[in-house]
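# model this:
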Amino acid sequence: APADAEDWFNLTHLWAAESFSLLGVHPFELVPDRQLLLPLGMHGGTDKVSVQLRQQLGGVPVEGGFLNALYTPSGALLSLANTTIPGLASASSSPNLDADSARARARRFFVAETRLEPTFIGEPELLFARLVGEGPTTARLAWKVTVLHKASGADPVGATYCLSAEDGAWLRRDEAIHYA
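From the prediction side, this is the model:
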């Protein structure tokens, strides 16, 4: 049985390598994220160990890219759950557009969309943005920037923009304000 977190991560890397033809993700794209014991035996079940590897290239994370393995405490694999994006191994993790330019562009998108001046522009985060379309899910190197407008007596307005790190093109917009 694996003795520590490093052993669990190494075992999961072995399964990732074994599953390459199915997943399409190279093990070198997967880095340790977390490992935890699920003490299900306390409630009449059987304890399990969950191990999560995060997909990243050149130190840049792939948005929502994870490989999760579930094991028995002795190390027998029960399941692999995969949200990685295949085919990124040769992608560049070096942006052409810098963070300041991404902030300025996100501000312009927000003003054009809302006709409001931002009161907050978040720190741009470099990542491989998950893009869901009619075909398979893909990812592109992008800057993710949150822009907000808050004014007394009015509901806040906000958006999170994913902008191409290659040329600043708009890739995706997500709501930044969520109501229950």
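# where do the strands sit along this protein?
Using DSSP state E, the strands found in the chain span residues 30-38, 48-57, 60-71, 77-82, 120-121, 125-131, 138-149, 157-164, 170-175.
# May I have the strands that pair with the first one, each with its orientation?
Yep, that's strand 30-38 we're talking about. Sheet pairing of strand 30-38 (DSSP bridges) gives strand 48-57 (antiparallel).
# likewise the shortest one?
Strands adjacent to strand 120-121 in the sheet, as given by DSSP bridges, are strand 138-149 (antiparallel).
# Just the buried residues of the helix or strand bottoming out on mean pLDDT in the chain, please?
Every helix and strand of the chain was ranked by mean pLDDT, DSSP states H and E. The lowest is helix 20-23, at a mean of 91. Using 16 or more other Cβ atoms under 10 Å as the test for burial, helix 20-23 gives Leu23. For the C-beta atoms, the positions are set from N, CA and C on the backbone; glycine is no exception.
# follow-up on the earlier one: columns distance to Ser101 on top of the strands of the chain, output as JSON lines?
Formatted as JSON lines, those follow (distance: least, Cβ to Cβ, whole Å):
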{"stretch": "strand 30-38", "distance to Ser101": "28"}
{"stretch": "strand 48-57", "distance to Ser101": "22"}
{"stretch": "strand 60-71", "distance to Ser101": "17"}
{"stretch": "strand 77-82", "distance to Ser101": "34"}
{"stretch": "strand 120-121", "distance to Ser101": "13"}
{"stretch": "strand 125-131", "distance to Ser101": "12"}
{"stretch": "strand 138-149", "distance to Ser101": "9"}
{"stretch": "strand 157-164", "distance to Ser101": "9"}
{"stretch": "strand 170-175", "distance to Ser101": "14"}
